[in-house]
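Visitor: need a structure here:
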Amino acid sequence: MKLTLRLPIRAAVIEGGIRAAAARSTELADRLASCAASWRERHDGPPGDLQDVKVARDLFRALGIDPTRRRPSSEALLRRALRGDSMPTVNPAVDVGNWCSLEWLLPLGVYARDALQGDVVLRRGRADDAYDALNGRRMTFENRYVLVDDMGPFGSPMTDSLRTSVGPTTRGVFVVVYAPATFDALDLAERADELARRLCEYCGGHDMSTEVVAHAV
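Guide: Here you go, the predicted model:
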């Protein structure tokens, strides 16, 4: 499945099959909790003081979005961790994504591959771009980042849609890791490989492919 970027950012794509029966949910919950505890031990100031948070915020500033009003999903996870709130455990593949997002402080989305139709494009949202999101709200995306397939909008660096959410019967995932255009491509490729490795280890991932995609000028 192809991802085309129509905005000046860099992204990593991880795609492959998963086997839910192979999931190790308790270990994943422990990994998430340990990552959250590590952030609390290392940082006791405002999240915005962290360089990695500033990197994720640069994504939003590039579109003229105030990242202190519309936060990247990675920063939302970090804030939850720093408050000492329990980390959400949703689904093994999503939990792997949240673990990586919290560790790296880069927003990412994990999508059910079978729910997608055609190729995927990341573009600036239009006035009528909207979807029912995982947070229970109807989200609109005018002048924001939005992922679309042949059926319409389904994802963003803030929160994703119910339509493409991963569930117990999901057997294939399409993951997008968002980064600023200036983010080192080799670094992003290494993170994509690590995310794929964790999907293999904790979700029975197989036939995994990874790719770093740049803005199509």
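Visitor: pLDDT score assigned to the closest residue to Arg19 other than its chain neighbours?
Guide: Nearest non-adjacent residue to Arg19, counting by C-beta to C-beta, 6 or more residues apart in numbering: Gly204, 3.1 Å away. Backbone N, C-alpha and C define where each C-beta goes, glycine included. At Gly204, the model reports a pLDDT of 94.
Visitor: Test my guess that Arg138 contacts Ala130.
Guide: Yes - the pair Arg138 / Ala130 is scored as a contact, 6.1 Å apart, by C-beta atoms under 8 Å.
Visitor: what ranges do the helices span in the protein?
Guide: 25-42, 51-61, 73-83, 92-104, 185-203 (DSSP state H).
Visitor: Could you provide those in CSV, with additional columns for distance to Met151 and mean neighbour count?
Guide: Shown next, in CSV, are the helices of the chain (distance: least, C-beta to C-beta, whole Å; neighbours: other C-beta atoms under 10 Å):
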stretch, distance to Met151, mean neighbour count
helix 25-42, 30, 15
helix 51-61, 25, 18
helix 73-83, 22, 20
helix 92-104, 21, 25
helix 185-203, 24, 18
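Visitor: Which pLDDT value belongs to Asp193?
Guide: 98.
Visitor: Write down the beta-bridge partners of the residue sitting nearest the centre point of the chain, one by one.
Guide: When C-alpha atoms, centre = their mean is applied to the chain, the residue found nearest the centroid is Leu108 (1.2 Å). On the basis of DSSP bridges, Leu108 is bridged to Val177.
Visitor: who's in contact with it?
Guide: Taking C-beta atoms under 8 Å, 6 or more residues apart in numbering, we find Leu108 in contact with Ser73, Ser74, Gly97, Cys100, Ser101, Val175, Val176, Val177, Tyr178, Leu195.
Visitor: try 10 Å
Guide: Leu108 is in contact with 11-12, 14, 72-74, 97-98, 100-101, 155, 157, 160, 175-179, 191-192, 195, counting by C-beta atoms under 10 Å, 6 or more residues apart in numbering.
Visitor: Then Ser38?
Guide: Ala81, Leu102, Glu103.
Visitor: do the same with Ser165
Guide: Val90, Asn91, Val94, Val110, Tyr111, Ala112, Ala115, Ala133, Leu134, Phe154.
Visitor: so what pLDDT did it get?
Guide: Looking at Ser165, its pLDDT reads 97.
Visitor: Same check on Leu82?
Guide: 96.
Visitor: repeat for Thr68
Guide: 80.
Visitor: In contact with the closest residue to it other than its chain neighbours, which residues?
Guide: Take Thr68 and drop its neighbours on the chain: the residue closest to it by C-beta to C-beta, 6+ apart is Gly48, 7.5 Å away. Shown in contact with Gly48 (C-beta under 10 Å, 6+ apart): Lys54, Arg57, Pro67, Thr68, Glu75.
Visitor: Tell me what the closest residue to Asp114 other than its chain neighbours is bridged to.
Guide: Nearest non-adjacent residue to Asp114, counting by C-beta to C-beta, 6+ apart: Gly172, 5.9 Å away. Per DSSP bridges, the residues bridged to Gly172 are Gly17.
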